[in-house]
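**Student:** Build me a structure from this.
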Amino acid sequence: MLKRLGLFLLFLLPALPSFAATTANSVITAQVPQQERYQFTHSITAGTYETVYTAGPNGSKVTGLFVSNNDTSATHVVTCGIYNTSVQYASWSVTTTSPSAGLYNNLAMLTSWVGLPVDSDGNPFMYLVSGDTIQCAAATTITTSDFVVVTAIGADF
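**Tutor:** Have a look, this model is predicted:
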């Protein structure tokens, strides 16, 4: 009789609830929205790279990068790159138009960089790991009283 009861309890054992700590398989989404920018003015030496966006401690997702120009007398070439410490991993350039018509959504980088993932709306984005920065430089001197602004939109994990 005890043997049958033991066998019966043995089959019931897998049906008992587990009281161990478990977590749901949740999707990890970006938590802290960021909009970072850098304004190039005439006092910035042409070709000097400045940090536009710094990845958060758990990484970041960058969804937009654009440039605007209020210089009515000139167009400007802006070059950007992804850096980790002093190593450059990618770079791209865009020429602005004048004035402020040079609002390039995604700085032509996200739309022309082959292999980037796309979100559910078909928009390209890129991931940055902790320690990554997006740095940009204006190739020419900015006219006095004018500026070129590079803006990055993303979110930290």
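**Student:** Find the nearest non-adjacent residue to the residue nearest the centre of the chain, please.
**Tutor:** Nearest to the mean C-alpha position of the chain, by CA atoms, centre = their mean, lies residue 62 at 2.0 Å. Distances taken as CB to CB, 6 or more residues apart in numbering place residue 154 nearest to residue 62, at 3.9 Å, with adjacent residues excluded. Where C-beta positions appear, they are placed from N, C-alpha and C, glycine not excepted.
**Student:** neighbouring strands for whichever strand or helix holds that neighbour, and are they parallel or not?
**Tutor:** Taking DSSP states H and E as the definition, residue 154 sits inside strand 148-156. As defined by DSSP bridges, the strand partners of strand 148-156 come to strand 32-40 (antiparallel), strand 60-69 (antiparallel).
**Student:** Low-confidence stretches in this protein?
**Tutor:** The chain contains residues with pLDDT under 70 at 1-26, 97-112.
**Student:** where do the helices sit along it?
**Tutor:** 2-12, 109-112 (DSSP state H).
**Student:** all strands of the protein, in order?
**Tutor:** 32-40, 50-54, 60-69, 77-84, 87-95, 126-128, 132-138, 148-156 (DSSP state E).
**Student:** Using TSV, please lay out the ones you listed together with distance to residue 119.
**Tutor:** Output for the strands of the chain, formatted as TSV (distance: least, CB to CB, whole Å):
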stretch	distance to residue 119
strand 32-40	15
strand 50-54	18
strand 60-69	8
strand 77-84	19
strand 87-95	20
strand 126-128	11
strand 132-138	19
strand 148-156	12
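**Student:** Out of those strands, which is closest to residue 120?
**Tutor:** strand 60-69 (12.3 Å; CB to CB).
**Student:** Next, the buried residues of the strand holding residue 154.
**Tutor:** 148-156 (16 or more other CB atoms under 10 Å).
**Student:** where's it relative to the chain centroid, distance-wise?
**Tutor:** 8 Å (CA atoms, centre = their mean, to the nearest Å).
**Student:** and it with strand 77-84, angle?
**Tutor:** 30 degrees (axes from the mean of the first three to the mean of the last three CA atoms, to 10 degrees).
**Student:** which outside residues touch strand 148-156?
**Tutor:** Identification of contacts with strand 148-156 by CB atoms under 8 Å, 6 or more residues apart in numbering yields 30-40, 52-53, 55-69, 71, 76, 78, 80, 96, 107, 128, 134, 136, 138, 142.
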